[in-house]
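Student: Mind looking at a prediction? Sequence and model below.
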Amino acid sequence: GAVVSQHPSRVICKSGTSVKIECRSLDFQATTMFWYRQFPKQSLMLMATSNEGSKATYEQGVEKDKFLINHASLTLSTLTVTSAHPEDSSFYICSTDRDSGNTIYFGEGSWLTVV
Amino acid sequence: QKEVEQDPGPLSVPEGAIVSLNCTYSNSAFQYFMWYRQYSRKGPELLMYTYSSGNKEDGRFTAQVDKSSKYISLFIRDSQPSDSATYLCAMSPSTDSWGKLQFGAGTQVVVTP
């Protein structure tokens, strides 16, 4: 069964609005979650590392004020795309390591389309 | 130059054939190597995980790592149409940055009946 739940699976929003994507670990606590972005026919690119109870760590080139990450509990991390633009349209996906790092599990991903 | 190189394909094979996939990498610090399968518009599903050099077999899947050549492979025996998907290699230097995976571009595989 699913280890990581991500919601919504698909969202369409207007340019200039904000969109929140949730990532939940099921039946276990995840102190660290990772957010990736995947453009069509391209690889997954790590955006940021979400740490429970502390600030997220962003990869080079990722705007922290545009992609707000909150990890308020041990089972939930959220990614908010603020003032979305069409170029933000992409597949956003979260992951976390279960069993202290033996394997990395991914959520089902969220397709964002900004019109 | 990308840290992880993977031929995007598509790779088309007849049902029952062996699918051979590979990735090359440039960062000698990578020690953990994974293969994921991704169906269209879905999240990646972990297939194989290997630490350092060597071979690992799991059912129809065999993963090989050659750190001296910075080259990893995945073989799928007796391929089925349901194996049609994009296969991504991923790697990490250590458990300290375990979740910060570097991915290849993914190879699209099509298994024809």
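Tutor: Right, received. Where do you want to start? Here the structure is a predicted model, which means the values were calculated and not measured.
Student: for chain B, what are the nearby residues on chain A?
Tutor: For chain A, the residues found near chain B under the criterion C-beta under 8 Å from any C-beta of the partner chain are A:4, A:6, A:32-34, A:41-46, A:49, A:91, A:93, A:95-97, A:101-109, A:111. Where you see a C-beta, it was placed from the backbone N, CA and C, and this is true even at glycine.
Student: Are any of those buried, and if so which?
Tutor: Burial by neighbour count, judged by 16 or more other C-beta atoms under 10 Å in any protein chain shown, picks out A:4, A:6, A:32-34, A:43-44, A:46, A:49, A:91, A:93, A:95-97, A:104-109, A:111 from these.
Student: Now, those residues that are in strands?
Tutor: Among these, the members falling in strands (DSSP state E) are A:4, A:6, A:32-34, A:44, A:46, A:49, A:91, A:93, A:95-97, A:104-106, A:111.
Student: Any buried residues in the helix or strand where residue B:22 lies, and which?
Tutor: Assigned by DSSP states H and E, residue B:22 belongs to strand B:19-25. Applying a neighbour-count criterion of 16+ other C-beta under 10 Å, the buried positions in strand B:19-25 are B:19, B:21, B:22, B:23, B:24, B:25.
Student: Equivalent analysis for stretch A:46-61, please.
Tutor: By neighbour count with 16+ other C-beta under 10 Å, stretch A:46-61 contains the buried residues A:46, A:47, A:48, A:49, A:50, A:52, A:56, A:58.
Student: C-alpha coordinates for it, PDB please?
Tutor: Extracted as PDB, the C-alpha positions of stretch A:46-61 are listed here (Å, rounded to 0.1, in the frame of the first residue of the first chain):
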ATOM      1  CA  LEU A  46      15.300  18.300  -5.900                       C
ATOM      2  CA  MET A  47      13.900  21.600  -4.800                       C
ATOM      3  CA  ALA A  48      14.200  21.600  -1.100                       C
ATOM      4  CA  THR A  49      14.500  19.500   2.100                       C
ATOM      5  CA  SER A  50      11.700  19.900   4.600                       C
ATOM      6  CA  ASN A  51      12.600  19.500   8.200                       C
ATOM      7  CA  GLU A  52      10.000  19.100  11.000                       C
ATOM      8  CA  GLY A  53      10.100  22.000  13.400                       C
ATOM      9  CA  SER A  54      12.800  24.000  11.500                       C
ATOM     10  CA  LYS A  55      13.300  25.900   8.300                       C
ATOM     11  CA  ALA A  56      13.500  24.100   5.000                       C
ATOM     12  CA  THR A  57      16.700  23.900   3.100                       C
ATOM     13  CA  TYR A  58      16.500  25.000  -0.500                       C
ATOM     14  CA  GLU A  59      18.600  23.900  -3.400                       C
ATOM     15  CA  GLN A  60      20.500  26.400  -5.400                       C
ATOM     16  CA  GLY A  61      18.300  28.300  -7.800                       C
END
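Student: quick one on the thing from earlier: and the buried residues of stretch A:46-61 as a markdown table, adding distance to residue A:24 and pLDDT?
Tutor: Output for those, formatted as a markdown table (distance: C-beta to C-beta, whole Å; pLDDT from 0 to 100):
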| residue | distance to residue A:24 | pLDDT |
| --- | --- | --- |
| A:46 | 20 | 93 |
| A:47 | 18 | 95 |
| A:48 | 17 | 95 |
| A:49 | 17 | 92 |
| A:50 | 12 | 90 |
| A:52 | 13 | 86 |
| A:56 | 17 | 93 |
| A:58 | 21 | 95 |
